[in-house]
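Trainee: Pasting the sequence and the predicted model now:
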Amino acid sequence: MSALVAAFRAPGQGACLLVGLGHAGVHWIAATLYLLIPFIARDLGLSYTEAGVIMTVFHVASAASNPPSGVLVDLSGRRVAVQVAALATGALGLAALGRVPSFAAICVAVGVIGAMNMLWHPAAIAELSARFPKRRGYALAIHALGANLGDAVAPLVAGWLLLVLSWPATATVTASVPLAVAAAIALVLGRGERRRASAGVHLGLAEYAHGARRMVADRAVLGLSLAAGVRTMAQGGLMLFLPLYLADVLGLGPLWLGAALMALQIGGIVAAPLAGVASDHFGRRRVAVLGLAAATVVLAALTAVAAPAAFVAGAAVLGVFLYAVRPVIHSWMMDLVPAKLGGSATSLMFGVQSALAAAAPVIGGVVADRIGLGAVFYLLAATMAAATALTAVVPRSTRIAG
């Protein structure tokens, strides 16, 4: 705990917290979308498989935006500008979602949200990693804490709004929050970046190509990307099917759905900074493996819980382990690559995550339609167990030279 207090008192907290708030805005958009899915499905008469297709579009768009986003961040050096563009455009995609109530048009809007969701991460993670090279675990834990904050508060706010508004109106109203955060980042952090850009601080094409070739050939980078992808596959499936399970199996209303999703994130809010600082001191692998193993056990156990209050409590415990691991894995990847390739390394890792996560909604939807929603949770627990095993055997590697 003393190490966490020391990290929080170190200089540079303003930029760290503001980027974390931007990450909260990105996840606010995605969390609102997840909560709206049951209501979109009911309004349009969609099956579970069709509801899964909507979120598959989200992940496919995310995967497609990965390669150009990492290259853009590393070659331009305009990390703040990319963050602002990603957050603002994603918010506009959410607002558009409420104005295009047809399956095809909703898929297009969700695709925009998915692409912008992924565009944020190479810029933000590379920015924080470069700013805080000796406290990388802590800085990226604050970034992850922002994600948990957005994921926690957005469902509760959207659930409350759904009691008095339609789902299209809820989508439009909630989009104003990330738009405001994007404006704050542009005003506060944009000036320093413009100074760096005018000084010509950027990476040359030949130097970038050389470093990128070495990065994609490194077994540790590829192994960690695969482990992160399998973990995200389980997490993405959970975020889609947890609201459906609560609504269709337990028969809970929108406020209970928001409370359960909020509880899931509260665990991450508490655990992420502690895990990030612990990984700075005790090593990334040890903390990641312990967290993933515990998440596997709790996820499997949730299927035996039927009481709403007990389920919400179990979701909070799951969030402690599930989301504590996220900044540890991100920090581990940044340890393996030079700062000037941070955007592309993040794109590689998130590209694998998106590609694998794209399969989870459709596979889970088919299982839910044919066997039942409860079976999906056992499938997700098995996926989390695979992520644990892969993380434990990530090859050891020295940092890639630039």
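Mentor: Here it is on my side, so go on.
Trainee: Could you pull out the buried residues of stretch 76-88?
Mentor: Residues of stretch 76-88 classed as buried: 77, 78, 79, 80, 81, 82, 83, 84, 85, 86, 87, 88 (neighbour count, 16 or more other C-beta atoms under 10 Å). For every residue, glycine as well, the C-beta is placed using N, CA and C.
Trainee: Now secondary structure, distance to residue 42 and pLDDT too, for these, in JSON lines please.
Mentor: Listed next are these as JSON lines, based on DSSP: H, G, I helix; E, B strand; the rest coil; distance: C-beta to C-beta, whole Å; pLDDT from 0 to 100:
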{"residue": "77", "secondary structure": "coil", "distance to residue 42": "46", "pLDDT": "76"}
{"residue": "78", "secondary structure": "coil", "distance to residue 42": "42", "pLDDT": "81"}
{"residue": "79", "secondary structure": "helix", "distance to residue 42": "40", "pLDDT": "85"}
{"residue": "80", "secondary structure": "helix", "distance to residue 42": "40", "pLDDT": "88"}
{"residue": "81", "secondary structure": "helix", "distance to residue 42": "40", "pLDDT": "88"}
{"residue": "82", "secondary structure": "helix", "distance to residue 42": "37", "pLDDT": "91"}
{"residue": "83", "secondary structure": "helix", "distance to residue 42": "35", "pLDDT": "92"}
{"residue": "84", "secondary structure": "helix", "distance to residue 42": "35", "pLDDT": "94"}
{"residue": "85", "secondary structure": "helix", "distance to residue 42": "34", "pLDDT": "93"}
{"residue": "86", "secondary structure": "helix", "distance to residue 42": "30", "pLDDT": "93"}
{"residue": "87", "secondary structure": "helix", "distance to residue 42": "30", "pLDDT": "95"}
{"residue": "88", "secondary structure": "helix", "distance to residue 42": "30", "pLDDT": "95"}
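Trainee: from those, which single one is nearest residue 49?
Mentor: Proximity of the buried residues of stretch 76-88 to residue 49 was ranked by C-beta to C-beta; the top entry is residue 86 with 29.6 Å.
Trainee: Relative to residue 140, how far out is that closest one?
Mentor: Residue 86 is 17 Å from residue 140, where distance means C-beta to C-beta, to the nearest Å.
Trainee: Also residue 37?
Mentor: Taken as C-beta to C-beta, the span from residue 37 to residue 140 is 29 Å.
Trainee: of these two, who's got more company?
Mentor: Ranked by neighbour count (other C-beta atoms under 10 Å), residue 37 and residue 140 place residue 140 first, with 31 against 24.
Trainee: The more buried one - nearest residue in space that isn't next to it in sequence?
Mentor: residue 327 (4.2 Å; C-beta to C-beta, 6 or more residues apart in numbering).
Trainee: now swap in residue 190 and tell me
Mentor: Excluding its sequence neighbours, the residue lying closest to residue 190 (C-beta to C-beta, 6+ apart) is residue 80, at 5.5 Å.
Trainee: picking up where we left off before, could you verify my assumption that the residue nearest to residue 140 touches residue 137?
Mentor: Yes. Between residue 327 and residue 137 there is a contact under C-beta atoms under 8 Å: 6.7 Å.
Trainee: Quick check: neighbours shared by the two?
Mentor: Listed as contacting both residue 327 and residue 137 by C-beta atoms under 8 Å, 6 or more residues apart in numbering are 275, 276, 279.
Trainee: The first one: which element?
Mentor: Using DSSP states H and E, residue 275 falls within helix 254-282.
Trainee: and that helix, which residues are buried?
Mentor: Neighbour-count burial for helix 254-282 flags 254, 256-280 (criterion: 16+ other C-beta under 10 Å).
Trainee: Name the next helix or strand following that helix along the chain.
Mentor: Remark: after helix 254-282, the chain's next helix or strand is helix 284-301, criterion DSSP H and E.
Trainee: report the angle between the axes of the following helix or strand past that next one and helix 284-301?
Mentor: Moving toward the C-terminus from helix 284-301, the next helix or strand (DSSP H and E) is helix 308-336. Relative orientation of helix 308-336 and helix 284-301, computed by axes from the mean of the first three to the mean of the last three C-alpha atoms, to 10 degrees: 160 degrees.
Trainee: other SSEs contacting helix 308-336?
Mentor: In terms of contacts (3 or more C-beta pairs under 8 Å, 6 or more residues apart in numbering; DSSP states H and E), helix 308-336 is packed against helix 103-131, helix 136-162, helix 219-248, helix 254-282, helix 284-301, helix 342-357.
Trainee: What average pLDDT does the second one get?
Mentor: Here helix 136-162 scores 86 as its mean pLDDT.
Trainee: Same question for that helix: list its buried residues.
Mentor: Those would be 136-159, 161-162, for helix 136-162 by 16+ other C-beta under 10 Å.
Trainee: That one: how far from the chain's middle?
Mentor: On the basis of C-alpha atoms, centre = their mean, to the nearest Å, helix 136-162 sits 10 Å off its chain's mean C-alpha point.
Trainee: From residue 39, how far out is residue 52?
Mentor: 16 Å.
Trainee: I meant residue 221, not that one.
Mentor: Look at residue 221 and residue 39: by C-beta to C-beta, they are 40 Å apart.
Trainee: which one of the two has more residues nearby?
Mentor: For residue 221 versus residue 39, neighbours defined as other C-beta under 10 Å are more numerous around residue 221 (24 against 20).
Trainee: ok, and what's touching stretch 353-360?
Mentor: 56, 59-60, 62-63, 66, 114, 118, 225, 228-237, 240, 380, 383.
Trainee: cool, and stretch 312-328?
Mentor: For stretch 312-328, contacts defined as C-beta under 8 Å, 6+ apart pick out 137, 140-141, 143-144, 147-148, 231, 235, 238, 242, 256, 259-261, 263-268, 270-272, 274-276, 279, 284, 287-288, 291-292, 294-295, 298-299, 301-302, 305.
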